[in-house]
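> Mind folding the following:
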Amino acid sequence: MNLPAFHVLITTYELFSLEKNLFLPFHWPVLVVDEAHRLRNRQSRLFRDLSVLDVGYKVLLTGTPLQNNLEELFHLLNFLDPKQFNDSRMLGVEWVDLPKEERISTLHNLLKCHLLRRMKRDVITDLPKKTEIIVPVDLTLLQKRLYKLILMKDYHELRTGNLMNTLIHLQKVCDHPYLMPSGDAIAPRVTDGEEAGCYEQQALVQVSSKLHLVMRMLAKLRPEGHRVLIFCHLTKMLDLIETALVNAGYVRTV
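I've put the predicted structure just below:
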């Protein structure tokens with residue numbers, strides 16, 4: 001069945017899955033799949049839905065590095081060329097007795113016909129050199145107190161090797177004591193006005209050595225016109241940073 005009069009059709013995976021039957025009657029000369037790492041699982045709905053399309057040529061795009069997983073790699077190759085790559089067991093059977101260097105060479109030869117890799121250094125040549133500066137800071141008195149309490153409370157876990165929960169709690173304290181219930185319970189709060197119940201700004205900043213340093217750095221960088229991107233592994237810590245920034249007059253524009 002001939003396609004309607006358009007050159008390019010752009011859609012989302014969600015819309016495609018909902019309206020899949022509208023796409024099935026047509027022959028698609030080219031299929032471009034962004035976020036192709038989502039096809040690493042051949043049992044996923046997206047893999048099954050896209051596989052039934054009548055496609056002449058397939059292009060997979062992804063910025064996610066391939067992991068050391070032959071099965072996931074095979075699923076991507078199977079999607080590209082189901083006739084050549086029709087049995088995931090062939091990779092394991094063919095390579096099981098090969099030396100490591102020969103397996104790597106064989107894999108490279110297999111992929112070079114299907115993979116076009118672009119490194120950041122190949123396409124962006126004018127980036128300034130990254131400078132990494134690690135600034136050590138001392139814990140505040142409240143952080144030190146909570147840190148010691150956690151070590152004393154979880155002494156048994158430390159002795160028996162069950163460290164995960166203890167390490168998470170210690171990590172939270174190192175970020176900000178308000179991330180722990182015992183620290184949040186004693187946090188000074190605004191008592192009147194529209195912001196009643198919110199954290200008191202000075203205490204919010206001063207009790208965390210990391211947040212205190214961040215606010216000092218921003219106060220210097222902002223007047224100089226710098227743009228600052230803050231990463232944090234805990235979303236609740238980001239919430240505290242946002243509160244401190246809003247209180248300090250940093251207006252949210254996004």
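
> Residue 144 belongs to a helix, doesn't it?
Yes - using DSSP: H, G, I helix; E, B strand; the rest coil, the secondary structure at residue 144 is a helix.

> Could you measure from it over to residue 150?
11 Å (Cβ to Cβ, to the nearest Å). Bear in mind the C-beta positions are built from the backbone N, C-alpha and C, glycine included.

> Those two: which is more packed in?
Using other Cβ atoms under 10 Å as the criterion, residue 144 and residue 150 rank with residue 150 on top: 21 against 14.

> residue ranges with poor pLDDT in the stretch 1-150 of the chain?
Per-residue confidence for the stretch 1-150 of the chain (pLDDT under 70) gives these ranges: 1-4, 66-68, 87-98, 100, 103.

> If we use 80, what do you get?
Where the stretch 1-150 of the chain drops to pLDDT under 80, the residues are 1-5, 64-71, 85-112, 118-128.

> Can you list the residue ranges for strands in the stretch 51-200 of the chain?
In the stretch 51-200 of the chain, strands defined by DSSP state E, counting those that start in this stretch lie at 54-60, listed in chain order.

> mind listing the helices for it?
Defined through DSSP state H, counting those that start in this stretch, the helices belonging to the stretch 51-200 of the chain, from first to last, are 70-80, 89-95, 100-111, 120-123, 141-153, 155-160, 164-175, 181-185.

> Adding distance to residue 234, write those out as a markdown table.
Shown next, in a markdown table, are the helices of the stretch 51-200 of the chain (distance: least, Cβ to Cβ, whole Å):
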| stretch | distance to residue 234 |
| --- | --- |
| helix 70-80 | 29 |
| helix 89-95 | 39 |
| helix 100-111 | 38 |
| helix 120-123 | 28 |
| helix 141-153 | 15 |
| helix 155-160 | 21 |
| helix 164-175 | 6 |
| helix 181-185 | 14 |
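
> what's the most buried one of the ones you listed?
Across these, averaging neighbours per residue (mean count of other Cβ atoms under 10 Å) puts helix 70-80 on top, at a mean of 18.
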